[in-house]
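1. Sequence and predicted structure, then a few things I'm wondering about:
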Amino acid sequence: MIELKDVTKKYGDTIAVNRISFNVATGENLVLLGTSGCGKTTTLKMINRLIEPDSGNITISGKDVIQQNAENLRRGIGYVMQNIGLFPHYTIEENIAVVPKLLNWDKKKTANRIHELIEKLHLRENILHFYPNELSGGQQQRVGLARALVADPSILLMDEPFGALDNVTRTSIQQEFKDLEELTRKTIVMVTHDVPEAFELADRICLMDKGKVMQIGTPKELLFKPANDFAEKFLDGQRLALEFKVIRVKDVWANLSDHKSNDSKGLNADISIWEAMEKLRSGTVAELNFRNNKGEVKVANFDDLTKAFNQYKNFSKYE
Ligand SMILES: Nc1ncnc2c1ncn2[C@@H]1O[C@H](COP(=O)(O)OP(=O)(O)OP(=O)(O)O)[C@@H](O)[C@H]1O
């Protein structure tokens with residue numbers, strides 16, 4: 001749906017983005033990941049024409065963005081700015097209503113949609129009359145998301161959407177973000193420099209360095225099939241933790257022993273090895289039942305999971 005072809009942007013002698021090409025499929029969440037200054041924000045802002053490329057093409061549903069009126073284009077694309085960027089002298093309600101106002105929605109339609117979003121994003125009604133500085137960072141971040149979602153755009157661009165938060169709040173908002181039904185059908189391009197966040201949220205990751213794409217792939221591909229030394233070294237130090245989060249019980253299913261349970265109930269095998277181990281660590285039982293999408297149930301303890309995980313990993317490396 002979104003296609004970038006050979007896109008370049010220079011600032012004087014600095015080549016911020018250097019002949020970048022990638023596609024984002026409808027409904028996909030593509031995360032632009034890389035160190036500070038590698039060109040992520042510039043790439044994102046070229047999609048909604050906040051920045052114009054020097055050369056190359058960007059199309060959305062086959063239409064060149066340059067051929068479209070910039071204002072109209074932006075109204076159809078939700079945008080979550082770096083550092084949230086709420087208007088300080090607008091109430092929260094006014095902040096969320098910016099796009100509906102531009103679209104000439106009537107008061108009732110705007111109010112209904114705002115109330116719906118407030119509820120979905122776990123905010124309280126009374127904050128609607130507050131000003132941004134009266135809200136916590138996490139609340140402001142949710143308001144920023146509500147503002148971007150209000151007109152239900154099919155595309156959402158997000159620049160470090162959880163960047164201003166402490167780690168605990170960040171993790172809980174990431175989880176809410178993953179669970180938000182409204183986001184599952186959107187095409188999302190998100191910028192982050194936080195590696196675990198990228199692996200947690202992305203369908204595919206576009207790893208960038210010095211204005212170039214170093215690798216595009218699923219989290220699993222980046223972990224097990226690095227395209228070059230940069231991609232390999234970038235994940236060093238975090239590799240094991242990422243593998244635990246990316247690999248799911250269903251992935252290692254064949255490596256779990258055939259010790260089936262008589263109990264037909266079980267945890268969904270779609271959970272990550274990390275989550276499964278956390279449940280075993282914090283729970284009172286030494287083993288758990290897991291159920292795959294064919295309805296098969298297997299029993300595994302901590303050692304079974306570790307063994308199956310290691311076997312799967314070795315296999316994935318040489319596959
Ligand atoms: N308006 C500008 N004028 C001059 N140089 C710029 C401008 N905006 C960005 N740059 C430069 O372009 C390069 C890419 O910047 P960009 O903001 O796209 O990177 P980034 O990966 O998003 O970084 P960060 O994670 O720190 O936001 C950097 O070298 C930056 O200094």
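-> Right, received. Where do you want to start?

2. Distance check, residue 64 against the ligand.
-> 22 Å (C-beta to the nearest ligand atom, to the nearest Å). Where C-beta positions appear, they are placed from N, C-alpha and C, glycine not excepted.

3. What of residue 297?
-> 45 Å.

4. Identify the bridge partners of that residue.
-> Beta-bridge partners recorded for residue 297 (DSSP bridges): residue 291.

5. hang on, it packs against residue 267?
-> No. Applying C-beta atoms under 8 Å as the test, residue 297 and residue 267 come out as separate, 9.6 Å apart.

6. quick one, which of those two is more surrounded?
-> Legend: neighbour count by other C-beta atoms under 10 Å for residue 297 and residue 267, higher for residue 297 (18 against 15).

7. if we can go back for a sec, joint contacts of residue 297 and residue 267?
-> Jointly contacting residue 297 and residue 267 under the rule C-beta atoms under 8 Å, 6 or more residues apart in numbering are 289-291.

8. How about the residues of the protein by the ligand?
-> 11, 14, 16, 34, 36-42, 193 (C-beta under 6 Å from any ligand atom).

9. 5 Å - rerun?
-> 11, 16, 36-42 (C-beta under 5 Å from any ligand atom).

10. now the helices: where do they sit in the chain?
-> For the chain, the helices defined by DSSP state H cover 40-47, 70-75, 92-96, 98-102, 107-120, 137-149, 167-179, 181-184, 195-201, 219-224, 229-234, 239-246, 273-282, 302-318.

11. how about those helices, which one is nearest residue 253?
-> The closest of these to residue 253 is helix 302-318. By C-beta to C-beta, the value is 8.1 Å.

12. Show me which residues of that closest one are buried.
-> Neighbour-count burial for helix 302-318 flags 304-305, 308-309, 312-313, 316 (criterion: 16 or more other C-beta atoms under 10 Å).

13. State the pair within the residues you listed that is farthest apart.
-> 304 and 316 (18.5 Å).

14. what about stretch 241-260, distance to the chain center?
-> Chain-centre distance of stretch 241-260: 23 Å, with C-alpha atoms, centre = their mean, to the nearest Å.
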